[in-house]
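A.B. asks: I would like the atomic coordinates for the input below:
(chains A and B)
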Amino acid sequence: MWKDVKVGFVLASNTLKRGNKKTTIFTIIVLALIFINFVFLPAMINGMQGIFINTMTDYVYGSITIEPLEDHPYITSADTLLKKITSVTGVLAATKRLGAGATITYKEKYVGSNIYGIIPGEESQISKFQEVMREGDFLTEMSRDEIVLGNYVSGEEGGPELLKGLGGVTTGTIVNVTYNNGVTKQYKVKGIFKGGSEVSDTVALVHFKELEDILGVQGQDKASTIIVKTNIIGIEPEVKEELIYLGVKEKIDTWQEKIKDVLKDAMQIFSLLTISSRVVGMIIAVFVLFMMIYINTVNKRKQIGILKAIGITEQSIIYSRIFMSVFYAIGGIILGSIILLFLLLYFKENPIHFYETMSFSPVLEPNITIQALLSLLITSFFAGLIPAWLVTREPILKSIWGR
Amino acid sequence: MMKVKNLIKVYNPETIPVHAVNGISFEIEKGDFVAIIGASGSGKSTLLHMLGLLDLPTKGEYTINNLNIVKLPEEEKTLYRLLQIGYVFQEYALVEEMTALGNVSIPLIMQGKSKKEAEKLAKEALDIVGLRGMYNRTEDQLSGGERQRVAIARAIVAKPKILFADEPCANLDSKTSEQVLEVFKKLNHELKLTIIMVTHEEWHIKYADRVIKLRDGVIEYDKRKNH
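C.D. replies: The predicted structure is shown next:
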């Protein structure tokens, strides 16, 4: 066995060292493209998915969203619930929010928007609104009669139609807000944030107490939602279980469950695209790799016959073809990874824009990359093994003279 | 040493049978240099392929040192080809991506020798066939005669008991052919190597001790030369 491996290695290394360099380079380039094909489209889809997920979790849903049960407008005893939630292992922070629909007007322009009443100090641990201030400042604990607007609400002068909003309101401007319950109030624009998506930038924020007054629930310890942030991504289901165990009766959804509802169709399309691109990639990989190595091996059948005639074992010959095939695959993976790295760097600097304001870059998923790597190696193993096995089984004279 | 008894090879036995070798019997002693001659289609190459374990006879017995070679399992035949037999083909039949040294050392590595030891013995074999200093040349850097001598070095490097040569000078000019045949003669004399060579050139037989002429798959004559 060891002798066979050794001879196989010697034969393969000689063929690679002194064989046709153009064939070797061509094979490696083709395999690199197959590797990229395997990984890149899923990375693009992953990047696109990521932008949706991040937008949802960073601004709206956090890690876990707790909402009142059906037929209940508010969560009651919100502060008691918050204490219970923050005592759970794995919970980084939690905050309550009030929400109301409203129409915001400035001069003749108006925009429909969701207004969240937030506690600024807590919100900074939950969402990214304060990190994406385009201008002005975020709300403080003392903020009263002040509002921060999403970029879509304030609008950008001369910007795309989608961004017209209030036509370019700036910090310091006074806007009128008419809530759905009929209450109207004037606010001074304290700042404008730009999260880069419709989900984040169509809302406006005021202080929690401000909205308590508007909704007439001041001092009643009520909230529309409680947003929870876990310290590690992926533990949300366990935290949810723990909350249920602790007797939280409200509706609890992890971000995955929330997104499933909201982006159900999109996610299905994404996963369909990912699966189909991987299946097609795999078929192409198997076919191309097998054909190339098969043709290469069949072209060498005379040489294989001669080697058998001088007493080189079939196993050695098979090992040599496997070594060569795996070498091509490793070469392809290395070259593919280098090209992929450049592509990722390029798209990081030049993200792909869509919906006028959103942009994304491809994100490599380690699982898919490992799968692609293993698929290519396993395919190359069999692409080396099968043709070599078929040719070495031929009688020596048939291999040498083809008869 | 080698006994062949009523050896028969029939191609296409089920459809249109062709009797390539039709009941050949002979014995060859250790150290013989036998030339098998005959016209094209006389069965000489078919006979050599069977003797060199590259093909199976349809019928008959073939023993070397009383060992029934035909009945050996395939793995043992491979081992026999590696350890006991050297084979020189009509065409140079080298591994094109290997140097002369690589081509000659590969059977030794297969035997389990270290690369260093294999290369030392391969160099000695290349020296014997007159290729000293050409160790690192690849096939395209060697002339036809030199390539054939590399093939001979590869065939003798493992010190086989018998060397089979299938028209080894078919693609060589007469001068180069003479050089190759001189190498055979030297190996036969100095190493007492048994050589069985198929040729269609009448003048090649002067190098052999014994001539077996085939015609239509049977022996027309079997003559031992008197020295």
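
A.B. asks: doesn't B:V95 belong to a strand?
C.D. replies: No - judged by DSSP: H, G, I helix; E, B strand; the rest coil, B:V95 forms no part of a strand; its state is coil.

A.B. asks: is it true that it touches A:N14?
C.D. replies: Yes - the pair B:V95 / A:N14 is scored as a contact, 7.1 Å apart, by C-beta atoms under 8 Å. C-beta coordinates here come from the backbone N, C-alpha and C atoms, glycine included.

A.B. asks: does A:V169 really touch A:V175, like I thought?
C.D. replies: Yes - at 6.4 Å, A:V169 counts as touching A:V175 under the criterion of C-beta under 8 Å.

A.B. asks: give me the common contacts of those two.
C.D. replies: Shared contacts of A:V169 and A:V175, defined by C-beta atoms under 8 Å, 6 or more residues apart in numbering or on different chains, are found at A:106, A:149, A:189.

A.B. asks: in strands, which of the residues you listed fall?
C.D. replies: A:106, A:149, A:189 (DSSP state E).

A.B. asks: okay, now the residue in chain B positioned nearest to chain A: neighbour count?
C.D. replies: Going by C-beta to the nearest C-beta, chain A is nearest to B:L82 of chain B, at 2.6 Å. Residues within reach of B:L82, counting by other C-beta atoms under 10 Å in any protein chain shown, total 19.

A.B. asks: you'd agree it is up against B:A155?
C.D. replies: No - using C-beta under 8 Å, B:L82 is not in contact with B:A155; the gap is 11.4 Å.

A.B. asks: okay, and the common contacts of those two?
C.D. replies: Contacts common to B:L82 and B:A155, judged by C-beta under 8 Å, 6+ apart, are A:I310.

A.B. asks: give me the below-cutoff pLDDT ranges for chain A.
C.D. replies: Across chain A, the ranges flagged by pLDDT under 70 are A:157-163, A:261-264, A:355-358, A:403.

A.B. asks: now the residue of it found nearest chain B, what's its secondary structure?
C.D. replies: Closest residue of chain A to chain B, C-beta to the nearest C-beta: A:G311 (2.6 Å). Going by three-state DSSP, the secondary structure assigned to A:G311 is coil.

A.B. asks: for it, which non-adjacent residue is closest in space?
C.D. replies: Closest residue to A:G311 apart from its sequence neighbours, by C-beta to C-beta, 6 or more residues apart in numbering or on different chains: B:L82 at 2.6 Å.

A.B. asks: where do the helices of the chain begin and end?
C.D. replies: All of this is about chain A. With helices called from DSSP state H, chain A shows them at A:2-18, A:21-55, A:78-86, A:120-126, A:151-154, A:198-201, A:208-215, A:236-245, A:255-262, A:264-299, A:301-309, A:314-349, A:366-393, A:396-401.

A.B. asks: try again with chain B
C.D. replies: Under DSSP H, chain B gives helices at B:44-51, B:74-83, B:100-111, B:115-128, B:144-156, B:174-190.

A.B. asks: which among the ones in strands among the shared contacts of A:V169 and A:V175 gets closest to B:V218?
C.D. replies: Comparing those against B:V218 with C-beta to C-beta places A:L149 closest, at 107.1 Å.

A.B. asks: give the bridge partners for the closest one, please.
C.D. replies: A:I192, A:A204 (DSSP bridges).

A.B. asks: ok, how many other residues are close to it?
C.D. replies: Neighbours of A:L149 (other C-beta under 10 Å): 32.
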